[in-house]
Each structure stands twice: as structure tokens, then as C-alpha cells.
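Novice: Quick one, structure for this:
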Amino acid sequence: MRQRKDLIEIFSAFLQFESDRPTLWAIDPRLHRSMTRAVAAEARGSEDFWAVYWLRQYDKQRDTLSPALRQAIGHLAAYLQETCFWSVNRVMPRVGSVQMKLSDCFQVAIADVPKLLQAFDASKPTGLKTYANTVFGNCLRDYLRQRKEVDFCSEWGLLQKISRKRLLDALTASNFDAAMRDRYYLAWKALTSNHSSDKSPKLRTIEAPDAQTWELIARSFDRERKDFPHVAAATPKELEKWLLDAAKKVRSYLYPTVNSLNVKKGDDTEADWESDLVGNDVSPMEALEEREATAERQSQQQQMVAVLHEAIEKLDAPARELLTLYYRDGATQQHIAQQLAIPQYAVSRKLSKVRQTLLKAILEWGQNTLHIAPTSDVINSISALLEEWLESFYARTARSGASL
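Specialist: Sure, this is the predicted structure:
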């Protein structure tokens, strides 16, 4: 994938794939014109300057549906193209059981930019790419888990596995009125009460009810509808029709068609296709700003490492010894248990407690410095990164002969 160098390209071009490989950049004409005017008015602006600028424009318009809001989202989606690509590229090898192409997964992740921006604190723009990298990866993982579950379920299995809230949300999203929602809900309630309440994995492929079960479902529906005067009686055939339609609506709701931000929109007849754009020469002022931005990112990394070092130093001696044995010496929990004369489950529990202490320290730093909320997805991602850092850190101490 060719690196973008021109500011106008960075904020107006979108990745295009051929044979599941990123081959060229497509210029969005409207964003290109917008960015050209902006750069002409402020020629000294760097990439980070314009990222902050469009974030602030987004923040001003976030509660509107104005063209200015769509413009800001478009520029920021273009800006985050490489971040999204590399995030998806890291996730893909771990989900090989799901048959989706890299290009498909990229479109799923990049379509989440509006939601990403809505959650991000745009008034404090430091760390947008770091935050986006985490969000893109988690978005794709959630989508693939959801798709895998929905794909594996039969219509009847899907209806058994969903909750009442998810069913009603799907029906509401399909613009069903209250009366229709009540009919479908009562039919679903009768089905789940009379057709296999066993919540086992086999539930995914459960077959349609037999004739006897349909009679039970119809009687159950008739009893329940007495509390809903506007719901008329229904035959087993009608109930089956409603339930199959409900399953279709739920499947569509859980696994919607993805509208990628990389698809051209607007009245322009075609996008400008560019495969070999030449970047502008970098001015001394812009080079200085770029160096300052790079220095800021390096400073954040150094701060994060310092936070972890401090957190490790605050641990008591037994906790530090445990980390040394496990990460530096590569001892198994069983060997550590024998060496310390304690049960193996105690070693596992102590290791978990130490990791939680370090994780808490880095999450608090991220929330206070990068303004990243500690959601469950963020916690899971940082936990994995913390584990990698501990392995790398103690490997270095082993090579240098240092100890903590």
C-alpha cells in the first residue's frame, strides 16, 4: 500500500481494493475541493493540525445533521484509512474460521467511524489514531462474532436464542406498529415456552416444530393474548408465518448490510482515481510541526512506560518476585508453586491480582491523559497489550541481567 504524502490526499482519498489487496486511492471530489480550499487558506497546517481542525468542526456540528457534519466525518474517515487497514490486518489472522475477505472486513470497520467519533472526546483530540486503532479492531471482532452466531443458527434456533428486547428492537427497526409488534412478540413467547427450552449448542440448528407442538404453541398464544385485547386469534399456519418473518427481521437487524464510508456519495459523476500521486514539498514550518507531533507521541509512549515502571516498583516484594519468575525466568505456575511452597491455584490467583493492579494503573493514565474511557472492549485490548509488554520487558531484563 503506497503511503499518502499530500495533505489533500490524506484528507480526501479512500482505499480501494482489487483481488482483496489495496491497490490505489480514490479521491472524493467534494472532499478534495473542500481540502484544497482549506489548505490554500492555511498553507502551514500539518497533518496533525488538520486532524485537530476537522475534529473541532465535527464537535461543533455533532448534534446536527448538517452538510458540515458529513463533511467533517468524511475528512476524518479519509484520515483514518491506514489506521483502519492495519487494525483489520492484525485482527484477520485470528478469525480465520470466518470466511470473509480482508476488503470486506475493512468496509465493516471503516463504516464505524461515525460511532467512533461520537464516543471520542473531540475537544481533546490527542490520541485519535490510538483510540481508533482499538475501536476498529473491537468493532470487527464483535461483527464477526455476531455474524458467526447468526450464520450458524437456523430460523428457529435464532428465535430461541434472542432476548425479548432484541426481538422488539428488530421489529421496531423494521417500522412495525405496536399492534404488529405485540402479535409477533406473543407468537415468539409461545414458541420459546413450548419448543425446546434447552439452551444447549444444539439449539442453533433446531428444526421447526412438529404438528403437535404447533397446537401447543397456538393454545399458549391464545391464553397470552387475553391481556392484549387488540390481538386476534391465530392459526398455527399464521403463527409460523409471523415467526419466520420475525426471524428474518432479527437476522437482518443483527447482520445488516454495511454502508461503507469508502463508497462514493453525492452528485459527482465519478471519483477521481489516482494510483501515483506526488506529495507536496514539506515547508520548514510544516516539518517543525511534524517533528513536534512525533515528539508528542513519543512522549506519550514514554509516559505510559513510566507509569508501568512506577506501578511495578510499588508492588510488594513477593509480587515482584512472582513477575520475575513467571515472565523473566519463564517458570510455569506449577514450578513456581513448588519453589514458593504454595498451591498452584494460589500462584494463578496472585498473578491475576498483580496484572489487575498494573492494568488499573495504565487505564487510569489512559483516561486522564488520552481521554479514553475504560470500556470493556478497551480493557480487553489493553490487557492483551499489557501481557505483551510484560513479556518483552522482562525478556530485556533477562538479557541485561537486571532485576527488579
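Novice: Residue 192 in helix, strand or coil?
Specialist: Look at residue 192: counting by DSSP: H, G, I helix; E, B strand; the rest coil, its state is helix.
Novice: Sticking with the closest residue to it other than its chain neighbours, tell me its helix or strand.
Specialist: Leaving out its chain neighbours, the residue that sits closest to residue 192 by C-beta to C-beta, 6 or more residues apart in numbering is residue 160, at 5.9 Å. For glycine as for every other residue, the C-beta is placed from the backbone atoms N, C-alpha and C. Following DSSP states H and E, one finds residue 160 within helix 155-161.
Novice: Against which helices or strands is that helix packed?
Specialist: helix 178-194, helix 236-254 (3 or more C-beta pairs under 8 Å, 6 or more residues apart in numbering; DSSP states H and E).
Novice: Okay, angle between the helix or strand just after the first one and helix 178-194 too, please.
Specialist: Pointing back at helix 178-194 there. Using DSSP H and E, the helix or strand that follows helix 178-194 in sequence is helix 211-224. Computed by axes from the mean of the first three to the mean of the last three C-alpha atoms, to 10 degrees, the angle separating helix 211-224 from helix 178-194 equals 130 degrees.
Novice: pLDDT of helix 211-224, averaged?
Specialist: Helix 211-224 carries an average pLDDT of 92.
Novice: got the angle between that helix and helix 236-254?
Specialist: 80 degrees.
Novice: list the helices and strands helix 211-224 packs on?
Specialist: On a contact count with 3+ C-beta pairs under 8 Å, 6+ apart, helix 211-224 meets helix 178-194, helix 236-254.
Novice: Put together a markdown table for the ones you listed, with distance to residue 352, mean pLDDT and mean neighbour count on each row.
Specialist: As requested, these are exported to a markdown table (distance: least, C-beta to C-beta, whole Å; pLDDT from 0 to 100; neighbours: other C-beta atoms under 10 Å):
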| stretch | distance to residue 352 | mean pLDDT | mean neighbour count |
| --- | --- | --- | --- |
| helix 178-194 | 37 | 91 | 19 |
| helix 236-254 | 33 | 89 | 18 |
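Novice: Which one, of those, ends up nearest to residue 337?
Specialist: Checking the helices and strands packed on helix 211-224 against residue 337 by C-beta to C-beta gives helix 236-254 as the closest, at 44.7 Å.
Novice: ok, residues contacting the closest one?
Specialist: 146, 150, 155-156, 158-159, 162, 166-167, 169-171, 173-174, 176, 183-184, 187-188, 190-191, 208, 211, 214-215, 217-218, 221, 234 (C-beta atoms under 8 Å, 6 or more residues apart in numbering).
Novice: which of these count as buried?
Specialist: Burial by neighbour count, 16 or more other C-beta atoms under 10 Å: within the contacts of helix 236-254 this picks out 150, 155-156, 158-159, 162, 167, 170-171, 174, 176, 183-184, 187-188, 190-191, 214, 217-218, 221, 234.
Novice: can you give me the helices for the stretch 1-150 of the chain?
Specialist: All helices of the stretch 1-150 of the chain, identified by DSSP state H, counting those that start in this stretch, fall at 7-10, 29-41, 47-61, 67-79, 81-91, 102-110, 113-119, 128-152.
Novice: Going by mean pLDDT, which of the ones you listed comes out lowest?
Specialist: Note on those: helix 128-152 shows the lowest mean pLDDT, a mean of 75.
Novice: tally of neighbours for the residue nearest to residue 89 when sequence neighbours are not counted?
Specialist: Closest residue to residue 89 apart from its sequence neighbours, by C-beta to C-beta, 6+ apart: residue 102 at 7.0 Å. Applying other C-beta atoms under 10 Å, we find 15 residues neighbouring residue 102.
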